[in-house]
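Participant: sequence and computational prediction follow.
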Amino acid sequence: MNKIIIRVAIVLAVLGAAGWGGYRLFNSMPQRQASIPTTKVRQGDVVVRSYTRGELRAVRSATLSAPNLFGTVQVTKMAALGAFAREKDLVVEFDDAEVISRLEEKQLELDQIDEQLKKSRADLSIRNNQDQVELLRARYAVRRSDLEVKRNELLSAIDAKKNTLTLDESKRRLKQLESDIKSRQEQAQAELAVLMERRNKSVLEANRERARLNQVKLLSPMSGLVAIKQNRGSAMMFGMQLPDIREGDQIQPGIPVAEVLDLSELEVVAKVGELDRANLHEGQDVIMRLDAIADKSFTGKIKSMSSTASANMFSSDPAKKFDVLFSVDMRQLLTTLGAKQDYIERVIATAEANRKKAPIGPPPGAMAAMMARSAGMGGMQGGDAGGAPMFSMGGPAAGGFTPAGGQEGAAAGGQRRAGGGGMMAAFTRDLPADQATKMRAAITKALGGKNIVELEAEERTKVMASLREEYQKVTGKPMQGRRPEGGTAAQAGESEVASVGTPGGRRGGGAGAGALGANGFSAKDMENAKLPLPPEEDSQIDVLLRPGLLSDVEIIVEKIPNAINVPTQAVFEKDGKPVVYVKTDRGFEARNIQIFKRSESVMVLTSGVKPNDVVALADPFAKPSDKKKKSDGGGGAGMPMGQKGSR
């Protein structure tokens with residue numbers, strides 16, 4: 001019995017050893033590694049390329065924002081999406097009924113105050129005449145009493161005493177009358193000052209309403225494609241797409257309404273990884289292919305690159321990347337689209353002209369006005385009229401129409417305290433700092449701390465004449481600077497004063513056909529502005545290029561002749577050194593390599609392998625558990641082990 005058990009145990013041991021040996025032999029066979037993907041080491045001319053994907057956009061753009069009309073901001077007219085707007089074309093118009101109603105109310109109130117001023121001045125004149133008559137009678141009574149006193153030597157003591165008392169009484173009455181007349185005049189002047197202050201307030205309010213009225217039309221500051229923004233003020237639910245702004249919508253002041261895109265010069269914005277960024281420099285040639293025109297390729301160059309990397313938290317790629325701008329050869333692009341030569345030359349000329357223009361931003365004084373409002377320097381009354389259309393130049397919103405009402409309030413408030421913000425700007429424009437300081441001191445001295453609107457027309461003329469003389473003394477030359485509408489700078493200051501001092505005067509321009517308003521356009525431009533033609537009725541080829549189109553960009557980094565190279569997937573890291581796994585008769589073996597150039601797709605080697613060597617594209621010695629961990633990890637599922645180190 002024991003012999004049988006021993007024999008069975010021996011047989012089982014032999015079978016187990018045979019099975020284990022077969023299992024080890026099977027694992028060590030070359031066929032086990034036959035499932036590993038491989039490639040050959042290549043030798044030849046290598047063109048190191050980098051690939052990225054970007055978005056087409058206009059180099060210059062203008063964003064128009066809704067103004068603050070101090071009431072309902074409702075769109076009444078709007079250019080069609082994709083329409084090609086010329087400069088000074090109407091893009092958006094808002095309902096101005098409330099503004100006109102308030103302006104008429106302020107004008108009516110101003111007229112009533114003017115009538116009250118006329119009546120008060122007439123009453124004061126009548127009262128002054130009556131006081132002069134009474135004063136003349138009192139003086140006559142004193143003179144007569146004085147003559148009677150001179151007869152006292154001929155009269156009795158009682159009559160002489162009566163004459164003396166009568167003279168004293170007459171003098172007392174005269175003195176009392178003079179005091180009463182002075183008090184009545186001061187009271188009348190105080191009443192007139194109150195009415196003048198009310199009138200000044202009404203003038204400022206009317207001017208603010210006129211400034212708001214100038215903001216109801218948003219005109220295009222340049223020729224370009226009209227892109228309508230989404231109505232972010234409308235109610236929405238999760239997952240709901242925001243609708244575009246349409247006619248009849250009520251929107252919040254300050255939100256972007258439309259964007260005008262100058263399509264005479266385009267660029268592609270994209271992101272590249274850290275390896276590509278090290279190999280790129282400005283001026284490198286690129287080849288671009290638009291998805292909308294997939295069968296055509298266009299040339300361009302690297303325009304600029306960012307020096308810092310950034311990551312998009314909403315993207316599935318956690319890696320930080322660098323922003324790169326690519327210029328587009330507009331002549332080649334337009335030729336491919338079938339544009340005629342004369343049209344191409346006109347587009348190129350437009351791009352050159354726009355490039356030479358100053359960046360679109362707030363007009364002079366707008367920043368000071370906003371600072372004055374924030375610091376409380378007299379802009380409180382006009383601050384509520386802010387929120388005028390803003391537009392930017394060159395991508396981000398950077399400037400444009402200024403808050404006309406805010407500028408109005410700041411300038412007007414400054415005039416009420418300093419006595420002449422408009423004259424300050426007129427007389428100190430383009431002057432050096434020391435001369436500007438002297439002119440400000442001269443203006444302050446000439447006004448004597450008074451309010452400009454309190455000066456009569458004759459006084460204003462004298463003040464302006466003296467200031468022109470002072471300007472010539474300070475600068476050594478007569479004042480001949482031209483203002484935008486054709487008058488001199490001194491006349492500009494006079495018009496600033498006259499506009500505030502007259503009931504129908506306008507601040508911020510727009511009173512005449514050539515005067516520039518707060519939004520940079522004249523009243524004639526605002527009146528003649530019309531909506532551009534819809535895209536289907538417009539024959540311009542510019543509308544074929546829509547900003548936002550996606551493009552594949554191929555960057556030619558370097559050309560290396562007769563180079564040994566392998567794909568990036570074939571390089572791994574082992575013990576902190578880059579290696580490749582070369583296939584031999586006994587299986588795969590690791591070899592240390594020396595990397596000369598690298599990119600996202602190809603690595604050029606100087607040692608470690610020979611041409612036509614077969615290398616693995618996956619780690620042949622990776623355990624199944626390691627592969628499972630990498631696949632479960634998500635981010636490194638398709639990345640060979642050690643690739644991050646090799647990069």
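Facilitator: Yep, it's here.

Participant: if you count contacts, what does the longest helix that the chain contains end up packed against?
Facilitator: Of all segments of type helix in the chain, defined using DSSP state H, the longest is helix 157-213. Applying 3 or more C-beta pairs under 8 Å, 6 or more residues apart in numbering; DSSP states H and E, we find helix 157-213 packed against helix 97-149, helix 404-418, helix 489-501. Quick note: C-beta positions are derived from backbone N, CA and C, even for glycine.

Participant: so what's the nearest residue to Asn231 once chain neighbours are set aside up against?
Facilitator: Nearest residue to Asn231, sequence neighbours excluded (C-beta to C-beta, 6 or more residues apart in numbering): Ile245, at 4.7 Å. Residues near Ile245 by C-beta atoms under 8 Å, 6 or more residues apart in numbering: 75, 78, 228-231, 251, 257-258.

Participant: in terms of pLDDT, where does Ile245 sit?
Facilitator: At Ile245, the model reports a pLDDT of 85.

Participant: again, but for Gln187
Facilitator: On the pLDDT scale, Gln187 gets 91.

Participant: how deep is it tucked in, by neighbour count?
Facilitator: Gln187: 11 surrounding residues under other C-beta atoms under 10 Å.

Participant: cool, and Leu219?
Facilitator: Each residue near Leu219 was counted by other C-beta under 10 Å, and the total is 22.

Participant: quick check: bridge partners of it?
Facilitator: When bridges are called by DSSP bridges, Leu219 pairs up with Leu90.

Participant: quick check: it touching Leu90?
Facilitator: Yes: between Leu219 and Leu90 there is a contact under C-beta atoms under 8 Å: 6.1 Å.

Participant: give me the common contacts of the two.
Facilitator: With C-beta under 8 Å, 6+ apart as the test, Leu219 and Leu90 both reach Ala529.

Participant: buried residues, the lengthiest strand in the chain. List them.
Facilitator: Ranked by number of residues, the top strand in the chain under DSSP state E is strand 42-65. Across strand 42-65, burial judged by 16 or more other C-beta atoms under 10 Å covers 46, 48-50, 52, 54, 56-65.

Participant: domain-wise, how is this protein divided?
Facilitator: Following automatic domain parsing, one finds the domains of the chain at 98-213, 366-399+403-518.

Participant: per-stretch mean pLDDT over those, give me the minimum one.
Facilitator: What stands lowest among the domains of the chain, in mean pLDDT terms, is domain 366-399+403-518, with a mean of 53.

Participant: counting neighbours, what do you get for Ala529?
Facilitator: 18.

Participant: quick check: closest non-adjacent residue to it.
Facilitator: Spatial nearest neighbour of Ala529, chain neighbours left out: Leu90 (3.9 Å); criterion: C-beta to C-beta, 6+ apart.

Participant: quick check: the one you found touching Glu527?
Facilitator: No: with contacts counted by C-beta under 8 Å, Leu90 stays clear of Glu527, the gap being 10.5 Å.

Participant: tell me which of these two has more neighbours.
Facilitator: Taking other C-beta under 10 Å, Leu90 and Glu527 do not tie; Leu90 has more neighbours (20 against 11).

Participant: okay, that one and Met222: tell me how far apart.
Facilitator: 14 Å (C-beta to C-beta, to the nearest Å).

Participant: cool, Ala160 as well?
Facilitator: The value you get for Ala160 to Met222, if C-beta to C-beta is used, is 97 Å.

Participant: helices of the stretch 501-647 of the chain, residue ranges please.
Facilitator: Per DSSP state H, counting those that start in this stretch, the stretch 501-647 of the chain carries helices over the ranges 523-528, 624-633, 643-646.
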